[in-house]
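Participant: Whatever this is, show me its structure:
(2 chains, ligands or ions: 3)
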Amino acid sequence: MSVVNKVRINARTITDKEFFYGHKACAGCGGSLAVRHILKVLGERTFTVLPAGCMSAVGFNFPQLCFDSNAIISTFAGTASMMSGIAAGARALGLKDYHVVGIAGDGGTADIGLQALSGAIDRREKVIYICYDNEAYMNTGIQKSGLTPFGARTTTTPAGENIKGTVTTKKNMFEIVAAHGIDYAATASVGYIQDFINKIQKASEVDGTSYIHVYAPCPTGWGTETDVTIDLAKEVVDTGLWVLAEYEQGEFRLNRNPKSFAPVENYVRRQGRFKHLEDEDIAAIVHARDAKWEQIRNSWKLK
Amino acid sequence: MGQRAFLCGNEAVAEGVRLSAPHVIAAYPITPQTVVVERLAEMVEDGSVKAEFMHVESEHSALSASMGASAVGARTFSSTSSQGLVYMAECLHYASGGRFPIVMMNANRSLALPWSIYGDHRDSMSLLDCGWIQVYTEDAQESLDMVLQAYAIAEHPEVLTPVMINLDGFVLTHTYELVDIPDWEQAREFLPPYETVNKLDFDAPKNMAFSSNPGNNLEFKLRQHRGMLRAKELIAETDGRFQSIFGRSYGGLTEAYRCDDAELIVVSVGSVTGTCRTVADELRNEGWKVGVLKIRFMRPFPEEEIIAALRNVKAVAVLDKDISFGYEGTVFTNVNSALSKAGAEILKLNFIGGLGGRDISKDHIREMYRRLQDGLDGIAQENVQYLGLGVAIDERG
Ligand SMILES: Cc1ncc(C[n+]2csc(CCOP(=O)(O)OP(=O)(O)O)c2C)c(N)n1
Ligand code: SF4
Ligand SMILES: [Mg+2]
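Facilitator: Ligands and ions are numbered 1, 2, ... in the order given. Reported below is the predicted structural model:
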């Protein structure tokens, strides 16, 4: 059963109540901003599952427990299966009007938790799965995940004489999830918060499984200033390196289709993790972006 | 009164689950456990079980889902075997640490490599320390009855500990017997609905499965340990209550057979016990003073019962269907530890057999008693011996 929010949520109508506070996330943490907004939009009748990762590590240290609504840590691989169990249990017990949300990192989603997520979508569980993407295993000290972008330096993809950091590109989680025929999927960024809020609200009204992939910068892991998180999260969209889109009823829809892109150079050059990149590497990033956009503009609905 | 039916061990467990009225069933197929999952799916389909049946994509997810369901206060059942059990290892510890009273059947089966679908105890014995109560049943009736008893023990507020019901793969899971199926109303009387405060609740929101720090971890683990120890007292009590309603009982953590005046005792676990009893009867007829001590629960471990039954005998043979590589059989290690603590200076030998489904015959069991007697007669005995070692091993490698 979903709670149908009659009122559209925006900066004026969003609740003043906080559900995630007193935690020890770093200053400027994009992930904690995502968690805070997700819980505000979904409200108090929400079961939240977080796997091992930064958001559970900063918020669940007994006796300093930082969730004001019901929340539980799952095993690293088990976000989607624990969510499914909660949904099944709640249904069997006859509970009404609630949400089951999972909030997992990029590693917890695209790597170790991918199988469980696939199973949950296959079962068409009535749950909302949200991946906050900070593009590496941050909690264990910035190691490469399946969502670390090309060129990024991590502690397991050091940039040296021979290898320039990460040589692979991001798995396309949005399209992987869509390929399951999921009821609703969307991409978002903490830099475009109203768009993110709208998508959370929409997911909460879907009768089936929904997935949101939200871009969430991490100053600690990216080597960026703590006050540019929102800037970066906007810029990544404006450069076209991250796409805001939705998937529904078998169709992809682009939410933002900029006439021209902001320069990739500016976005890359202000991050420590990309410091070693040379012009040709940035050219390769731009080339991959353009190829992707061409495919999108040819096959997705535009607005 | 209930009915009688001709059921295999797997089907008997499915009947036990039906009578326990679970809310959620989450399991993944693996030989020789598959029949339980299939029967339960049929029962959900025909409406005799009103549970959510989850088609999970792995054993890790089966137990993760069970924990999620348990975390909202639902009664949950899972089942697995062998490779599936060890695939769950992370979740087994997680479930006991989270105090989720899940009941799960494990069909005891060998572990790869080499691959083998046949029975031994290496799967569950290798996970003895995962914090689950472990019971080993001997026949289909006990398997059915123990499902009901397992929920009563697991869900007790002072226990809150998951239970693994172990059935010997094929020998028990696939063997048919006439089984009494308890009556639904009587089952309700024995097993009331699960009530707990250890759940996510909109009236009293909670943060569950959190992190501890070095300053409080021991206290959490000690409470978990005490929960398991409390189960020790509750097992016999629960069985007594079961008997008063259904007229059948299994005793407590162990079951002694002709042990009172026995001099030589074989300690066994699981379905092989029946063969041990037959041999004990035969040897008794031949004038030997022999008995059998069956260990029903490996955790909590029946230290006191074992000491009481064995401290005054002359010699004990422990039959293990597992090896703790680099040492000896795990059941032996546990029994030996109990007896040593009690200062029992008796001959103790470990016999390892039945690996990968190999038969343990009456002759093997006779041989165990004979070796004990030989040991007492001064013929040197290896501490660990292997039953029916067949294929010659080329020691030159
Ligand atoms: C089975 C298992 N393997 C490894 C770990 C160690 N571990 C905990 S959190 C984590 C990284 C999490 O990365 P991500 O999912 O991207 O979340 P983030 O910390 O970046 O927010 C790892 C590797 C674990 N807890 N469990
Ligand atoms: S390391 Fe990154 S993701 Fe983790 S708390 Fe700090 S800023 Fe947030
Ligand atoms: Mg991450």
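
Participant: From A:Arg297, how far out is A:Tyr215?
Facilitator: Going from A:Tyr215 to A:Arg297 by C-beta to C-beta, to the nearest Å gives 21 Å. (C-beta placed from N, C-alpha, C; glycine too.)

Participant: for B:Lys289, that is, sorry about that
Facilitator: Separation of B:Lys289 from A:Arg297 (C-beta to C-beta): 90 Å.

Participant: Next: A:Ile212.
Facilitator: 23 Å.

Participant: Out of the two, name the residue with the larger neighbour count.
Facilitator: Shown here are A:Ile212 and A:Arg297; by other C-beta atoms under 10 Å in any protein chain shown, A:Ile212 has more neighbours (26 against 11).

Participant: which SS state does the more buried one fall under?
Facilitator: With DSSP: H, G, I helix; E, B strand; the rest coil as the basis, A:Ile212 sits in strand.

Participant: and what of B:Val86?
Facilitator: Using three-state DSSP, the structure places B:Val86 in helix.

Participant: quick one: B:Met228 is in a strand?
Facilitator: No: B:Met228: not assigned to a strand; according to three-state DSSP it is helix.

Participant: need the residues of the stretch 151-300 of chain B near ligand 3, please.
Facilitator: On the criterion C-beta under 5 Å from the ion, ligand 3 has no neighbours in the stretch 151-300 of chain B.

Participant: all helices of the stretch 151-300 of chain B, in order?
Facilitator: Ranges of helices within the stretch 151-300 of chain B are B:184-190, B:217-246, B:273-285, based on DSSP state H, counting those that start in this stretch.

Participant: out of those helices, which comes closest to chain A?
Facilitator: helix B:217-246 (8.2 Å; C-beta to the nearest C-beta).

Participant: What about the closest residue to ligand 3 within chain B, how many residues nearby?
Facilitator: Nearest residue of chain B to ligand 3, counting by C-beta to the ion: B:Ser211, 17.8 Å away. B:Ser211 is flanked by 15 other residues according to other C-beta under 10 Å.

Participant: what's across from it in the sheet?
Facilitator: A:Asn61 (DSSP bridges).

Participant: Now do it against B:Glu158, distance only.
Facilitator: Separation of B:Ser211 from B:Glu158 (C-beta to C-beta) stands at 25 Å.

Participant: and what of B:Cys91?
Facilitator: According to C-beta to C-beta, B:Cys91 stands 24 Å off from B:Glu158.

Participant: And these two? Which one has more around it.
Facilitator: In this view B:Cys91 and B:Glu158 are compared by other C-beta under 10 Å, and B:Cys91 has more residues nearby, 29 against 12.

Participant: so what pLDDT did the closest residue to B:Asp261 other than its chain neighbours get?
Facilitator: In this structure, B:Asp261 finds its nearest non-sequential neighbour in B:Lys289, 6.0 Å apart by C-beta to C-beta, 6 or more residues apart in numbering or on different chains. pLDDT, B:Lys289: 98.

Participant: Contact partners for B:Lys289?
Facilitator: B:261-264 (C-beta atoms under 8 Å, 6 or more residues apart in numbering or on different chains).

Participant: What subset of these is buried?
Facilitator: B:262-264 (16 or more other C-beta atoms under 10 Å in any protein chain shown).

Participant: got JSON lines for the residues you listed, with pLDDT too?
Facilitator: As requested, the buried ones among the contacts of B:Lys289 are arranged in JSON lines below (pLDDT from 0 to 100):
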{"residue": "B:Ala262", "pLDDT": "97"}
{"residue": "B:Glu263", "pLDDT": "98"}
{"residue": "B:Leu264", "pLDDT": "98"}
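
Participant: Just the ones in strands from these, please.
Facilitator: B:Leu264 (DSSP state E).

Participant: And the contacts of the lowest-mean-pLDDT helix or strand in chain A?
Facilitator: Here the helix or strand of chain A ranked lowest by mean pLDDT, DSSP states H and E is strand A:301-302, holding a mean of 92. Residues outside strand A:301-302 that contact it (C-beta under 8 Å, 6+ apart) are A:251-254, A:257.

Participant: now stretch B:106-122
Facilitator: B:10, B:30-33, B:36, B:79-83, B:85-86, B:123-124, B:126, B:136, B:164-171, B:173, B:269-270, B:320-323, B:330-331, B:354-358.

Participant: Near the residue in the stretch 51-200 of chain A positioned nearest to chain B, how many other residues are there?
Facilitator: Taking C-beta to the nearest C-beta, chain B has its nearest neighbour within the stretch 51-200 of chain A at A:Gly85, 2.6 Å off. Residues contacting A:Gly85 under the criterion other C-beta under 10 Å number 35.

Participant: ok, now A:Leu254?
Facilitator: 16.

Participant: Over to B:Glu382?
Facilitator: By the criterion of other C-beta under 10 Å, B:Glu382 has 10 neighbours.

Participant: who touches residue 86 in this structure?
Facilitator: Since you didn't name a chain, this refers to chain A. So A:Ile86 contacts A:47, A:49, A:72, A:100, B:68-69, B:71-72, B:200 (C-beta under 8 Å, 6+ apart).

Participant: I was after chain B.
Facilitator: Residues counted as contacts of B:Val86 (C-beta under 8 Å, 6+ apart) are B:111, B:123, B:126-127.

Participant: where do the helices sit along the stretch 151-300 of chain A?
Facilitator: For the stretch 151-300 of chain A, the helices defined by DSSP H, counting those that start in this stretch cover A:173-178, A:193-204, A:219-222, A:229-238, A:264-269, A:279-299.

Participant: how near is B:Lys362 to B:Gly251?
Facilitator: 24 Å.

Participant: ok, those two, which is more surrounded?
Facilitator: B:Gly251 (15 against 12).

Participant: could you pull out the strands for chain A?
Facilitator: Counting by DSSP E, residue ranges of the strands within chain A are A:46-51, A:60-61, A:64-65, A:71-74, A:99-105, A:128-133, A:184-189, A:210-215, A:245-248, A:251-254, A:301-302.

Participant: Can you add distance to ligand 3 and give the ones you listed back as TSV?
Facilitator: Listed next are the strands of chain A as TSV, based on distance: least, C-beta to the ion, whole Å:
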stretch	distance to ligand 3
strand A:46-51	11
strand A:60-61	17
strand A:64-65	22
strand A:71-74	16
strand A:99-105	4
strand A:128-133	7
strand A:184-189	15
strand A:210-215	11
strand A:245-248	21
strand A:251-254	25
strand A:301-302	30
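
Participant: B:Ser58 is nearest to which of these?
Facilitator: Closest approach to B:Ser58 among these (C-beta to C-beta): strand A:71-74, 14.1 Å.

Participant: and that closest one, does that touch ligand 1?
Facilitator: No: counting by C-beta under 6 Å from any ligand atom, ligand 1 is not contacted by strand A:71-74; separation bottoms out at 9.7 Å.
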